[in-house]
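Asks: Provided below are the primary sequence and the corresponding predicted coordinates.
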Amino acid sequence: MIYLTQAVHRNAQIFPNQTATICGSRKSTWKEFKNRVAKLAAGLKGLGVQDNDRLAILALNSDRYLEYYFAVPWSGACVVPLNIRWSAKENSYSINDAGAKVLFVDDAFLPIVAALETDLSHIIYIGDSDCPEGMVSYEKLITDNEPMEDTYRHDQDLAGIFYTGGTTGFPKGVMLTHISIWTSSISLVPLMEMKPDSSYLHAAPMFHLADEAVMQAGMLVGATNYFIPSFTPQGVVDITKQYDITHLLLVPVMIQMTVAHLKQNPTDLDSVEFILYGASPISESALVDAMGTFKGVRFAQGYGQTELSPLATMLAPEYHTLTGPKAGKLKSAGRAISCVEVRIVDEKSNTVEEGAVGEIAVRGPNAMVGYWNKPEETAVSMRNGWIHTGDAGYMDDEGFVFLVDRVKDMIVSGGENVYSAETENAVMNHPAVAQAVVIGIPHEKWGELVHAEIILHPGQTATEEEIIAESAKHIANYKCPKSVSFRTEPFPLSGAGKILKRDIRAPYWEGQDRNIS
């Protein structure tokens, strides 16, 4: 039986007095952590939470967010972590789509609560001030209840619904089971060389599956969890120095910002042993620069997507070298993690020849069980047990996967997924816009920048600022175009009349090593 709360039981049993979490002035041992989780679960039951209910959270990183991840399944329910960068409209959709009746919220997102268009039964306040009127105090739920027995949700029971951007303009809820999440995490334990005396800093947002996977891996070995509310280079440096952090998860833009900060403010971070990166493009030069800055640190790249909980492949530390027999792999996304099978397929799902470009397909127990309430989209992504990622790439004779483009035209900017169709829909709300194509163009800091190519209606005018402002009325800021080009010539079309985005992208990516990682 595989259940995510197993780690809490084990750690409390064999490491009862070892530190589990440190968040600001708050600190808990594993014995205390288990007790708080069991009490919080009882408090949720007292609010009327039933088995299989969905409980959402909108908050910055904290020890309470970690407790939420385990108290919810302990109570028999499922987690629904919300994207902290989405608008009230987008998160309202996710809450309503999941049918969540309970929302956990911290101080940073109290202002957004009033703008949510939802039918919530309870809002649980997990901030540090006095509990707002009409909300439920998180700490009171713990202090007012006795620990309850774990419901032991396990195996194919739904662990959570994790929302990712939708190609049709609406987010999709990825359904992940206990086995799904556990598979990615158990694969990370040896790859990231995590041990009971390891220390992991939650610098990436905790709603994201990347942090979830590393966090669960750390839980499996009893590593200590540290938190900063959100990423800043100074925050990472300060906590790392103060607590001798050993393990970091940083998306490429975070790595680049931290490296730039360290060059301006040199300091010794010799406690760091391992840095996992992924989720967005990073150039080889930026990676080499980071390896030179974090001397002696072992780097690894993870590739995957939410639908895979989220890992498919890993580029192991030994291949992060420019010399020797293992050199030449820095541009790859690595090889299939344990428990997972990866292949490159054509449009008919047949495996292509070695070195040929096709769509990356993945099969394993880490795969989602489908999209919540979206059977048609599930059928497109899941075929004969394989997750079709929508990413194009090829595989060499050693099983290394090299990514070359995005079949689904997804843009990854600063570690966040932006679906071009969603941004195009927002841009098209401007009355002067006749046609819009949104693509990702290279950017040194963010990996990719959201760029819109616009054709206006005859006789109409619009400015770049107006197009961006119109988009911001409908979608989160990071999804909005950051640059706009106006054109008079028609968009290139395929024989079937489809716009050829690859031809529009090509001039921007000329001379680039790759436009995905």
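Replies: Thanks, I have the structure now. Residues are numbered from 1 along each chain as shown.
Asks: taking the mean pLDDT, what do you get for stretch 307-323?
Replies: Stretch 307-323 shows a mean pLDDT of 95.
Asks: cool, and stretch 34-53?
Replies: pLDDT averaged over stretch 34-53 gives 98.
Asks: What are the buried residues along that stretch?
Replies: 34-45, 47, 49, 53 (16 or more other CB atoms under 10 Å). For the C-beta atoms, the positions are set from N, CA and C on the backbone; glycine is no exception.
Asks: Out of the residues you listed, flag the one nearest to T177.
Replies: D53 (16.3 Å; CB to CB).
Asks: gap between that closest one and Y65?
Replies: According to CB to CB, to the nearest Å, D53 and Y65 sit 19 Å apart.
Asks: Repeat that for P132.
Replies: Relative to Y65, and taking CB to CB, P132 is found at 19 Å.
Asks: When these two are compared, which one has more neighbours?
Replies: Y65 (24 against 15; other CB atoms under 10 Å).
Asks: What's the separation between the more buried one and P481?
Replies: Applying CB to CB to Y65 and P481 gives a distance of 31 Å.
Asks: now what about the helix or strand harbouring A20, what contacts it?
Replies: Following DSSP states H and E, one finds A20 within strand 19-23. Strand 19-23 is contacted by residues 11, 27-30, 32-33, 62-64, 66, 224-227, 243 when judged by CB atoms under 8 Å, 6 or more residues apart in numbering.
Asks: and what of stretch 38-52?
Replies: 55, 67-68, 71-72, 74-78, 102, 121-122, 136, 138, 140-151, 158.
Asks: Same question for stretch 338-355.
Replies: With CB under 8 Å, 6+ apart as the criterion, stretch 338-355 contacts 183, 186-187, 308, 311-313, 335-336, 356-366, 383-384, 386, 388, 393-397, 399, 401.
Asks: Which residue ranges make up the domains of this structure?
Replies: 6-318, 410-509 (automatic domain parsing).
Asks: for the ones you listed, which one ends up most surrounded?
Replies: domain 6-318 (a mean of 20; mean count of other CB atoms under 10 Å).
Asks: ok, back up a step: and the contacts of strand 19-23, which is closest to S413?
Replies: Looking across those and measuring by CB to CB, the closest to S413 is F227, at 24.7 Å.
Asks: Ramachandran angles for the closest one?
Replies: phi -140, psi 140 (degrees, to the nearest 10).
Asks: just R343 next, same as before
Replies: phi -150, psi 160.
Asks: Tell me what it is bridged to.
Replies: R343 has the following beta-bridge partners by DSSP bridges: A361.
Asks: Tell me the spacing between it and M314.
Replies: Taking CB to CB, one finds R343 at 17 Å from M314.
Asks: try P190
Replies: Taking CB to CB, one finds P190 at 10 Å from M314.
Asks: got it, and I467?
Replies: For I467, the distance to M314 - CB to CB - is 39 Å.
Asks: F15 now?
Replies: 27 Å.
Asks: What strand or helix carries R502?
Replies: Counting by DSSP H and E, R502 is found in helix 501-509.
Asks: residues in contact with that helix?
Replies: With CB under 8 Å, 6+ apart as the criterion, helix 501-509 contacts 405, 409, 420, 437, 439-442, 451, 453, 491-492, 515.
Asks: So which of those residues sit within strands?
Replies: 405, 437, 439-442, 451, 453 (DSSP state E).
Asks: Helix, strand, or coil at the residue of the chain positioned farthest from its centre?
Replies: Using CA atoms, centre = their mean, the residue of the chain lying farthest from its centre is G459. It sits 43.0 Å away. Put simply, G459 is coil when judged by DSSP: H, G, I helix; E, B strand; the rest coil.
Asks: quick one, phi psi at it?
Replies: Torsion angles, degrees, to the nearest 10, at G459: phi 80, psi 0.
Asks: could you check the distance from it over to A434?
Replies: Taken as CB to CB, the span from G459 to A434 is 11 Å.
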